[in-house]
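1. Need a 3D model of the following:
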Amino acid sequence: MTPLGLLALLLTLSAVFGVLNDRTLRLPNTIGVLLISLLASLAMLGIDRLLPGIGLHALSRQWIGSIDLPQALLGSALSFLLFAGALQVDLGQLLGRWKPVLALALLGTVLAIGLFGAGMWLIFPWVDRPVPLVWCLVLGAILAPTDPVSVVGMLRRIGLPAPLQALFAGESLFNDGVGVVAFGMALGIATGDGSVANGTGILTRFAVEAVGGGLFGLGLGWGAMLLMGATEEPHLELIISLALATGTFSLANALHMSGPIAVVVAGLTMGVRRSRTAITGRGHAELMGFWSLVDEVLNALLFLLIGFEVLAVAFHWSHAAAALAAVPLSVAVRGLSVFLSTLPLHLGRPERGGTLVLLTWGGLRGGISVALALSLPAGPLRSSLLAVCYGVVVFTIIVQGLTIERVARHYHPHPAPP
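-> The predicted structure is shown next:
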């Protein structure tokens with residue numbers, strides 16, 4: 001199948017599943033598409049089990065195998081999704097809460113990796129097979145960061161107060177980049193990459209990738225702003241934004257910096273006051289409309305693929321048991337990492353309990369975790385790690401994603417205006 005044919009098939013399935021969801025389930029579109037595609041995958045597995053001569057599972061896995069999700073998401077679509085998410089963040093509110101955002105994105109992610117990795121290291125021998133601690137930490141790095149695609153969509157739907165929205169979105173956008181960097185370092189240690197085998201190598205690599213990526217994104221963002229200020233043509237401003245999103249991500253990765261962090265910072269520069277004055281009113285409206293559409297389309301395609309990726313997961317009863325044990329552990333670790341990382345900033349504030357609950361239950365994982373897991377090298381542990389990752393991702397999106405609004409209404413009965 002040609003790339004255009006594959007894109008046409010994915011868009012068609014997204015449209016059909018979206019209409020089915022709208023007419024029957026009436027769930028948020030991305031969650032509805034995920035659930036229907038997951039049910040379709042399970043139906044194909046059931047049909048193949050009853051009628052093995054059809055070979056439906058093998059055909060489906062061949063089709064899914066033609067879609068390189070790690071490359072498609074981590075190498076391409078992520079630049080658009082993160083840039084679109086950064087454009088929707090209220091920069092003023094984010095800057096006013098930079099301390100908790102930084103604490104959650106850095107310390108919270110590191111704590112989540114260590115706590116979840118240690119927990120799974122203790123659990124695996126009882127439910128599946130013993131897994132070395134270093135590979136459990138790799139799994140922790142896969143599942144530690146919240147997914148910005150899922151979180152931004154959730155915020156748009158439930159209408160939390162602006163300060164809390166900025167905290168949620170800021171953490172998810174930045175801890176995504178931190179998580180990708182941590183995954184690369186943990187995987188390097190697990191596979192014997194000498195460049196990250198000692199403390200100095202880890203700190204140096206983190207500084208270059210994370211801090212360097214942020215500074216790189218800031219510089220390119222201001223450069224793009226100056227270009228926009230030199231023209232009053234809205235279509236040119238839109239082209240500059242496209243160049244900024246794709247160029248920042250690609251160049252940062254080529255220079256061994258964090259592409260996700262760089263493109264988030266570049267997108268945030270569009271929210272500064274000087275940038276708003278540099279873009280024409282019509283150009284700003286067209287830019288936001290275009291990136292909102294890109295966000296919607298890529299969200300639908302991504303959640304469709306997450307549902308179908310179950311066909312690529314080799315589930316056994318032991319893997320299912322490990323995934324079931326990992327779900328409550330992931331929720332507990334998320335709550336503990338949020339509490340410990342922000343404790344010095346919230347001592348004496350009575351409202352911190354509600355914020356802690358919302359940040360814990362709203363810590364959705366998504367396509368980035370699945371893509372990282374699928375990029376694991378072949379080996380005897382891969383199927384166990386992939387099954388745990390998939391189980392946690394599906395639980396957070398479907399169960400937590402569908403109940404977070406009820407939790408939010410308990411603490412914030414009146415939704416904020418859009």
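2. any low-confidence regions in the stretch 251-400 of the chain?
-> By pLDDT under 70, the low-scoring segments of the stretch 251-400 of the chain are 273-276, 314-315, 345-352.
3. at 50 instead, please
-> Counting by pLDDT under 50, the stretch 251-400 of the chain contains low-confidence residues at 347-348.
4. Going along the chain, name the helices of it.
-> 259-268, 273-278, 281-308, 317-346, 352-361, 367-374, 382-395 (DSSP state H, counting those that start in this stretch).
5. what distance separates the third one from the middle of the whole chain?
-> It refers to helix 281-308. 15 Å (Cα atoms, centre = their mean, to the nearest Å).
6. same thing with the first one?
-> Between the centre of helix 259-268 and the centre of its chain there are 14 Å (Cα atoms, centre = their mean).
7. What angle do helix 367-374 and that helix make with each other?
-> 160 degrees (axes from the mean of the first three to the mean of the last three Cα atoms, to 10 degrees).
8. name the helices or strands packed onto helix 259-268?
-> Using 3 or more Cβ pairs under 8 Å, 6 or more residues apart in numbering; DSSP states H and E, the elements in contact with helix 259-268 are helix 78-87, helix 162-190, helix 212-229, helix 234-254. In this view, the C-beta of every residue, glycine as well, is placed from N, C-alpha and C.
9. between that helix and helix 162-190, how big is the angle?
-> Going by the same axes, to 10 degrees, helix 259-268 makes 160 degrees with helix 162-190.
10. Which residues outside helix 259-268 are in contact with it?
-> Under the contact criterion Cβ atoms under 8 Å, 6 or more residues apart in numbering, helix 259-268 has outside partners 78-79, 82-87, 89, 91, 94, 173-174, 176-178, 180-181, 209-210, 213-214, 216-218, 220-221, 224, 244-245, 248-253.
11. Just the buried ones from these?
-> 78-79, 82-87, 89, 91, 94, 173-174, 176-178, 180-181, 209-210, 213-214, 216-218, 220-221, 224, 244-245, 248-250, 252-253 (16 or more other Cβ atoms under 10 Å).
12. Quick check: which element contains Gly5?
-> helix 3-20 (DSSP states H and E).
13. and the direction of that helix versus that of helix 281-308, what angle?
-> Using the same axes, to 10 degrees: helix 3-20 against helix 281-308 is 90 degrees.
14. Contacts for helix 3-20, please.
-> 1, 29, 32-33, 36-37, 66-67, 297, 300-301, 304-305.
15. hmm, 7 Å instead?
-> With contact meaning Cβ atoms under 7 Å, 6 or more residues apart in numbering, helix 3-20 is reached by Asn29, Val33, Ile36, Ser37, Ser66, Ile67, Ala300, Leu301, Leu304.
16. Distance of the second one relative to Leu301?
-> Val33 sits 9 Å away from Leu301 when distances are taken as Cβ to Cβ, to the nearest Å.
17. which of those two has more neighbours?
-> Neighbour comparison, Val33 and Leu301: the larger count goes to Val33, with 29 against 21 (by other Cβ atoms under 10 Å).
18. does that one really touch Leu25, like I thought?
-> No - assessed by Cβ atoms under 7 Å, Val33 is found out of contact with Leu25, at 9.9 Å.
19. On the three-state scheme, Leu27 is what?
-> Under DSSP: H, G, I helix; E, B strand; the rest coil, Leu27 falls in the coil class.
20. and it, what pLDDT?
-> Looking at Leu27, its pLDDT is 90.
21. hang on, the earlier thing: among the helices of the stretch 251-400 of the chain, which is the most enclosed?
-> Among the helices of the stretch 251-400 of the chain, helix 259-268 has the highest mean neighbour count (mean count of other Cβ atoms under 10 Å), at a mean of 29.
22. Export only the CA atoms of that one, formatted as CSV.
-> Only the C-alpha atoms of helix 259-268 are listed here, as CSV (Å, rounded to 0.1, in the frame of the first residue of the first chain):
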residue,chain,number,x,y,z
GLY,A,259,13.3,18.0,20.0
PRO,A,260,10.2,17.8,22.2
ILE,A,261,11.4,20.4,24.7
ALA,A,262,12.7,22.7,21.9
VAL,A,263,9.5,22.7,19.9
VAL,A,264,7.4,23.3,23.1
VAL,A,265,9.5,26.4,24.0
ALA,A,266,9.3,27.6,20.4
GLY,A,267,5.5,27.3,20.4
LEU,A,268,5.3,29.1,23.8
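23. just the angle between that helix and helix 78-87, please?
-> Using the same axes, to 10 degrees: helix 259-268 against helix 78-87 is 40 degrees.
24. Find the centremost residue of this structure, please.
-> Asp147 (2.5 Å; Cα atoms, centre = their mean).
25. residues contacting the residue nearest to that one when sequence neighbours are not counted?
-> In space, and not counting its chain neighbours, Asp147 is closest to Gly366: 3.2 Å by Cβ to Cβ, 6 or more residues apart in numbering. By Cβ under 7 Å, 6+ apart, the contact list for Gly366 reads Asp147, Val149, Ser150, Ile306, Val393, Ile397.
26. Which parts of the stretch 51-200 of the chain are strands?
-> Taking DSSP state E, counting those that start in this stretch, the stretch 51-200 of the chain contains no strands at all.
27. thinking again about what came up before, give me the buried positions along the helix holding Gly5.
-> Leu10, Leu13, Ser14, Phe17, Gly18.
28. how close does the second one sit to Thr30?
-> Read that as Leu13. 14 Å.
29. do the last one as well
-> Using Cβ to Cβ, one gets 9 Å for the distance from Gly18 to Thr30.
30. Over to the first one?
-> Separation of Leu10 from Thr30 (Cβ to Cβ): 14 Å.
31. Isn't Thr396 up against Gly362?
-> No - using Cβ under 7 Å, Thr396 is not in contact with Gly362; the gap is 9.3 Å.
32. who touches both of these two?
-> If you check Thr396 and Gly362 against Cβ under 7 Å, 6+ apart, no residue is contacted by both.
33. picking that back up, adding distance to Gly271, write the contacts of helix 3-20 out as TSV.
-> Listed next are these as TSV, based on distance: Cβ to Cβ, whole Å:
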residue	distance to Gly271
Asn29	26
Val33	29
Ile36	35
Ser37	34
Ser66	38
Ile67	33
Ala300	25
Leu301	26
Leu304	30
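34. which two in these are spaced the farthest apart?
-> Asn29 and Ser66 (25.2 Å; Cβ to Cβ).
35. Have a look at these two and say which one is more surrounded.
-> Asn29 (19 against 10).
36. For the more buried one, give me its contacts.
-> Counting by Cβ under 7 Å, 6+ apart, Asn29 has contacts Gly18, Asn21, Ala300.
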